[in-house]
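[1] Please work out how this folds:
(chains A and B)
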Amino acid sequence: MATTTVSIGSNQSIDTETPGSSSGGGPLYTVVFGTTPSGISVGDIGFMDTEDAGGGNASDYTFLVTVINGSDITLKYLTDTGGEGDHSPLGLYTGGGSSGSGTQAPMVFKRAFSTITLFEAMIDDASPTHWGGSDDVVGECHGDADFTDTRVYFTTKQSLASVKLTANSADRHDGTASGTGGGKVLIRPTAGTTQNEGIIDINIDNFIMEWIEVDLGALDAQTTNKVVVIRGTNDGNIIRNNLIHGKVGNPGGSGPNIMHVVSAGATADVISILNNIIYEIIETSNDHCVAINTNQWGGISYIYNNTIYNIQANGGSKSAYGILFGNPTGAVANVKNNLVAYLVGAGTNERSYYKGSSGSTANTANNLSDDTANASYDAEDMAQGLNDSSSLIGKTLAEISFVSTGVGSEDLHIDTDSVCLEAGVDLGTTNEANIDIDGVDRDATGVIWDIGADQASVVESGAAAFMMFLD
Amino acid sequence: MEIVVKVNDGPSSTSYKDGDVVQAFSMQQIYYCHAQHKCHVNNFGLDTDGSRSAGPLLIKFLEKTKTYKFERVNSNDVLRTNLVTDEQKTINTNMDADGERINVYQYVSRRLKNKNHLMFRSNGLEYWYGKSRSDIDVDSIWNDIETHTDFLQSDHIHFPLADIEKRMFLPMSCCTHGHAHDHADLPVHNACLDCTCGCVLSESSNDFISERLLPIFIVHDEGTDEEYNEVTHKRKYQVPYWDLTSTLSLDVDDIRNRNKEIDLRQPLSLRPAADLLTQDKIAAGVVNE
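    Residues are numbered from 1 along each chain as shown, chains lettered A, B, ... in the order given. Predicted coordinates:
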């Protein structure tokens, strides 16, 4: 199946250049421009306002940038409003000149979509123009300006094989909050949505959300309480390498559930939540507060290498949860290498890990809880007396040693003296579990895995084995 | 405000329907989007030492959009200043009673690896800004942009939609009409839709705008910890543009022709009444609750 990448961003005048030469046959043309376009990316649109030399037959041509190889820009013909048909960008004219010596039209480069909501609306369209009906579609966000989408609901993808929402590699977060105007891909809604709906709400199979920062800081007085909701049809959903933070306050009747799976799924269905950072989620109005909640999921889940920090509930019997999972009897939850720290709940209701029932299957290893967790709900026991001896429990924030917990400048990478260093287990490469919050490939570099979303240690597994041998 | 309206029904029962208000933008959102383009980090180069050039527009932008300024004062200490309250605190590698610490060397080193960093230097010591504000004064930012560049806020009144969005959807603008005068002799709907009403026009409230994007849903397990919503219709509000052909001089065939770009966004003085243009589908009997 083909993969089609389309850009999402608000820059509708990235550059304007004039084609100088063209090779290849329709619909793919490799074009060299008089001046190589700057700032463009695969997935951007090349737009040309054309008329025949001397005037007439006006048509707006749209091309999709599919490959950038130095000065060679490969463009795919998509549409033209005049119905003139597939044509190379070279030889499309402005209307100036005369027959046989027309004036070459310039190409204006733009983003394919301006908002995530409108991208989703095209995913939900029976006649897409930018991709084939059975493609793997990648919506690649750019940090032109904040995305303010309040709720994007992926309800159907027609016959598409998969949908991915990601960030252009140049505009990804670096594991810390960039905040508004930081030039990174940031979803920062300024208006709320109905409670219990996700900002990214997913009801389709084979969906990936990755490398997106979500700042909830403008929603403190709004009822928005969920960022990612997985509901209904969700086999093959992967939520990875995202950075979510900053909800302080909640006027609604349900507390925050930042990543919430509300569907049961089939027993063979798989979801993966990998290498995310979630922090500063503070309920202020008598509710529980949960970072990752897959409690209703009855299929298979992989919850690997997430970092969760500063989760606060509010009210007499309310609990703060790091990872809540595994209620249905048939559920199989794989929970490994996660880091949960600084929970605040009522009394002893600090629950770093909570396995919803004794009947489900939990494969746990090398998770960490700090000294705020109640012993029954720490990384070792997870509410079910699991007695996982590979866990690290009772660690202080000083021992975890985040680079910065300074308010407003949080950096939840781990410092060089952290107990998380080399304390994880190798989880392979399935669904890119090996890619940390900075894009470090734990597998390719051969390092011993750390706990949490950040891979700080560079000690290679072979070297460690040698050291252990010496011991 | 500006809205983007779905044209033609989507293919499935849960898809957007013809006329649904898919997207809505407040004028503040639109102005702020353009302001971010003008103040984008890529518009400001790096100094020879690798720090970001402290252009006055960029610094003003950050000071109006961030809560804190952080200044490294030596190898270990960072002074944090709250730009709203002027409150200051020093943090360093030693965790304080509030659980705050920072390894400033690690912090700065990591930021500088990213080409889009916003790490500045003064007298060899780094400073940066953090935590976005929720009360950003967009007009003040535009005042700075107009001071430091040739761009004018008045030239940036429309959201920068993509071309395909203008062909496959219907962009419109609307606003609140204040009925401060007597125009009872005019047909109210038409007058406030084609702006022959003489009303006082103003931007719609944020609550009004966000409400246009609400879905229709059923609440399950209400009051329990497992409460969730089932969306039955993606949008509660629609613009029945097919009924507005004469009032707004629309050609439905043109709107539904994906080869034609129809953009009905207008200057503020010509914007129809938002509460008449957008219609609650439940109240109108289009769908059941």
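[2] any low-confidence regions in chain B?
    Where chain B drops to pLDDT under 70, the residues are B:179-189.
[3] low-scoring stretches of the stretch 351-471 of chain A, by residue?
    If you take pLDDT under 70 as the line, the stretch 351-471 of chain A has these spans: A:463-471.
[4] Try it again at 90.
    Within the stretch 351-471 of chain A, the stretches with pLDDT under 90 are A:460-471.
[5] Could you pull out the strands in it for me?
    Using DSSP state E, counting those that start in this stretch, the strands found in the stretch 351-471 of chain A span residues A:361-365, A:368-370, A:392-395, A:402-404, A:411-414.
[6] Columns mean neighbour count and distance to chain B on top of the ones you listed, output as JSON lines?
    For glycine as for every other residue, the C-beta is placed from the backbone atoms N, C-alpha and C. Formatted as JSON lines, those follow (neighbours: other C-beta atoms under 10 Å in any protein chain shown; distance: least, C-beta to the nearest C-beta, whole Å):
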{"stretch": "strand A:361-365", "mean neighbour count": "17", "distance to chain B": "20"}
{"stretch": "strand A:368-370", "mean neighbour count": "28", "distance to chain B": "11"}
{"stretch": "strand A:392-395", "mean neighbour count": "20", "distance to chain B": "13"}
{"stretch": "strand A:402-404", "mean neighbour count": "28", "distance to chain B": "4"}
{"stretch": "strand A:411-414", "mean neighbour count": "26", "distance to chain B": "5"}
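[7] which one of these lies closest to A:Ala177?
    Relative to A:Ala177, the nearest member of these by C-beta to C-beta is strand A:411-414, separated by 8.9 Å.
[8] I would like the residues contacting that closest one, please.
    A:175-176, A:277, A:279, A:307, A:309, A:400-404, A:420-421, A:437-438, A:450, A:452-454, A:456, B:102, B:106-107, B:110 (C-beta atoms under 8 Å, 6 or more residues apart in numbering or on different chains).
[9] chain center to that strand, what's the gap?
    18 Å (C-alpha atoms, centre = their mean, to the nearest Å).
[10] distance of B:Gly19 from B:Tyr237?
    Distance, B:Gly19 to B:Tyr237, by C-beta to C-beta, to the nearest Å: 9 Å.
[11] for A:Tyr302, same thing?
    39 Å.
[12] Looking only at neighbour counts, state which of the two leads.
    B:Tyr237 (25 against 21; other C-beta atoms under 10 Å in any protein chain shown).
[13] so what's the more buried one bridging to?
    Here B:Tyr237 sits in beta bridges with B:Asp280, going by DSSP bridges.
[14] Please apply the same query to A:Leu343.
    A:Ile311.
[15] OK, contacts around it?
    A:Leu343 touches A:311-312, A:320-322, A:350-352, A:370, A:372-373, counting by C-beta under 8 Å, 6+ apart.
[16] B:Met172 touches B:Ala273, doesn't it?
    No - counting by C-beta atoms under 8 Å, B:Met172 stays clear of B:Ala273, with 11.9 Å between them.
[17] which residues touch B:Asn229?
    B:Asn229 touches A:194-197, B:217-220, counting by C-beta under 8 Å, 6+ apart.
[18] Alpha carbons of the one helix or strand it maps to, as CSV, please.
    Following DSSP states H and E, the helix or strand that holds B:Asn229 is strand B:228-233. Extracted C-alpha coordinates of strand B:228-233, given in CSV (Å, rounded to 0.1, in the frame of the first residue of the first chain):
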residue,chain,number,x,y,z
TYR,B,228,-18.4,8.5,28.9
ASN,B,229,-20.1,10.2,26.0
GLU,B,230,-21.3,8.5,22.8
VAL,B,231,-21.3,11.0,19.9
THR,B,232,-24.4,10.6,17.7
HIS,B,233,-23.7,13.5,15.5
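[19] So which residues on the stretch 151-289 of chain B come close to chain A?
    For the stretch 151-289 of chain B, the residues in contact with chain A under the definition C-beta under 8 Å from any C-beta of the partner chain are B:159-165, B:167-169, B:206, B:209-210, B:213-215, B:217, B:219, B:223, B:225-229, B:231, B:234, B:258-261.
[20] buried subset of these?
    B:159-165, B:167-169, B:209-210, B:213-215, B:217, B:226, B:228-229, B:231, B:234, B:261 (16 or more other C-beta atoms under 10 Å in any protein chain shown).
[21] Kindly list the main-chain dihedrals of the residue lying closest to B:Trp142 once chain neighbours are set aside?
    Nearest-residue entry for B:Trp142: B:Gln153, 4.0 Å, with adjacent residues in sequence omitted and distances by C-beta to C-beta, 6 or more residues apart in numbering or on different chains. Per-residue torsions, B:Gln153: phi -60, psi -40 (degrees, to the nearest 10).
[22] low pLDDT regions in the stretch 151-300 of chain A?
    Short version for the stretch 151-300 of chain A, where the test is pLDDT under 90: A:158, A:178-183, A:190-197, A:221-223, A:232-233, A:250-254, A:263.
[23] and with 80 instead?
    A:179-181 (pLDDT under 80).
[24] Which stretches in chain B count as helices?
    B:27-38, B:56-65, B:104-112, B:138-148, B:163-168, B:188-193, B:206-211, B:252-255, B:274-277 (DSSP state H).
[25] again but with chain A, I slipped
    A:116-123, A:397-400, A:442-445, A:461-470.
[26] If you average the pLDDT over the first one, what comes out?
    It stands for helix A:116-123. Averaging pLDDT along helix A:116-123 yields 96.
[27] Any regions of the stretch 1-150 of chain A where pLDDT drops low?
    Using pLDDT under 80, the stretch 1-150 of chain A drops low at A:1, A:126.
[28] what does it have sitting close to chain B?
    Looking at chain B, the residues of the stretch 1-150 of chain A close enough under C-beta under 8 Å from any C-beta are A:10-12, A:39, A:45, A:47, A:60, A:62, A:79, A:81-83, A:110-115, A:117-118, A:121-122, A:124-127, A:129-130, A:143-146, A:148, A:150.
[29] which among the residues you listed end up buried?
    A:10-12, A:45, A:47, A:60, A:62, A:79, A:81-82, A:110-115, A:117-118, A:121-122, A:124-125, A:130, A:143-146, A:148, A:150.
[30] residues contacting A:Ile451?
    Going by C-beta under 8 Å, 6+ apart, the list of residues near A:Ile451 reads A:305, A:337-339, A:366-368, A:392, A:420, A:423-424.
[31] and the two most separated of these?
    A:Asn305 and A:Leu392 (13.9 Å).
[32] Can you show me the CA trace of stretch A:376-386 as PDB?
    What follows is stretch A:376-386 as a C-alpha-only set of coordinates in PDB (Å, rounded to 0.1, in the frame of the first residue of the first chain):
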ATOM      1  CA  SER A 376      -0.400  -1.300  48.000                       C
ATOM      2  CA  TYR A 377      -0.500   0.600  44.800                       C
ATOM      3  CA  ASP A 378       3.200   0.900  44.100                       C
ATOM      4  CA  ALA A 379       5.200  -0.500  41.200                       C
ATOM      5  CA  GLU A 380       5.600  -3.800  43.100                       C
ATOM      6  CA  ASP A 381       2.000  -4.600  44.000                       C
ATOM      7  CA  MET A 382      -0.300  -2.600  41.800                       C
ATOM      8  CA  ALA A 383      -3.400  -3.100  44.000                       C
ATOM      9  CA  GLN A 384      -3.300  -6.800  43.500                       C
ATOM     10  CA  GLY A 385      -0.300  -7.900  45.500                       C
ATOM     11  CA  LEU A 386       1.700  -8.700  42.400                       C
END
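[33] quick one: is that stretch near chain B?
    No - using C-beta under 8 Å from any C-beta, stretch A:376-386 stays clear of chain B, with a minimum separation of 14.6 Å.
[34] how about that stretch: buried residues?
    Applying 16+ other C-beta under 10 Å to stretch A:376-386 flags A:377-384, A:386 as buried.
[35] Likewise for stretch B:261-268?
    Buried residues in stretch B:261-268 (16+ other C-beta under 10 Å): B:261-262, B:264-266.
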